[in-house]
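1. Build the 3D model from these lines:
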Amino acid sequence: MALTESVMFPLGKKAPSFALPDVISGKEVALDDVKSDVATVIMFICNHCPYVKHVRSQLVELARDYQPKGVSIVAINSNDVEKYPDDSPEKMKEIAAEFGYPFPYLFDETQEVAKAYQAACTPDFYIFNRDLECVYRGQLDDSRPGNDIPVTGESIRSALDSLLRNEPVTVTQKPSIGCNIKWKE
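-> Prediction:
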């Protein structure tokens, strides 16, 4: 595992389009299918990363708190599954069921979507406004495995709350930190 920070996708940049298979429903899901008139959260996660495991429960709680308010949330796994079989679509489906993911969990086999979003680590978070312009990118909150800070989702929640109030996102945007995306050679 190489500890990696977010690249920090440019604010204001439009969300790159995608159409990927959802391991939960078995259907292809496109950005146009899931975009929201309020906010769209795109997160790059995987199954095996200890940083993702550390926040997994908060991801579910975040979705349950904000989806009823019109926020769309989508998770994408872009890891090389040949070298990391724990991140295979079959294992993704198992993890999604075990933790009750209330959001699509998409598999980016070609890794083209991760490249388009400049995703660097898991977890890596992006929030887009109703016009699909990036208004936040970076960390979930200040918690990391072993630092004894509770996992609250504070950074993401602050940004989403601003959008729900039709206010600019002013939360300090810090890079996420986690395992590097496992790129194919």
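2. Tell me where this structure has strands.
-> Counting by DSSP state E, the segments of the chain that form strands are 3-5, 19-21, 28-30, 39-44, 71-77, 105-107, 121-122, 124-128, 134-138, 177-180.
3. want to throw these into CSV with mean pLDDT and mean neighbour count?
-> All C-beta spots, glycine's among them, are computed from the backbone N, C-alpha and C. Below are the strands of the chain laid out as CSV (pLDDT from 0 to 100; neighbours: other C-beta atoms under 10 Å):
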stretch, mean pLDDT, mean neighbour count
strand 3-5, 78, 15
strand 19-21, 98, 17
strand 28-30, 97, 14
strand 39-44, 98, 24
strand 71-77, 98, 24
strand 105-107, 98, 24
strand 121-122, 93, 26
strand 124-128, 96, 26
strand 134-138, 95, 22
strand 177-180, 90, 21
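4. Ok, which of these comes nearest Leu11?
-> Closest of these to Leu11 is strand 134-138, at 5.4 Å (criterion: C-beta to C-beta).
5. want to throw the strands of the chain into TSV with distance to Thr170?
-> Below are those laid out as TSV (distance: least, C-beta to C-beta, whole Å):
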stretch	distance to Thr170
strand 3-5	21
strand 19-21	32
strand 28-30	31
strand 39-44	15
strand 71-77	18
strand 105-107	30
strand 121-122	24
strand 124-128	13
strand 134-138	10
strand 177-180	22
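6. Of those, give the one that comes closest to Asn147.
-> Closest to Asn147 of the strands of the chain, according to C-beta to C-beta: strand 177-180, at 10.4 Å.
7. Quickly note the distance from Glu82 to Ser88.
-> Counting by C-beta to C-beta, to the nearest Å, the separation of Glu82 from Ser88 is 9 Å.
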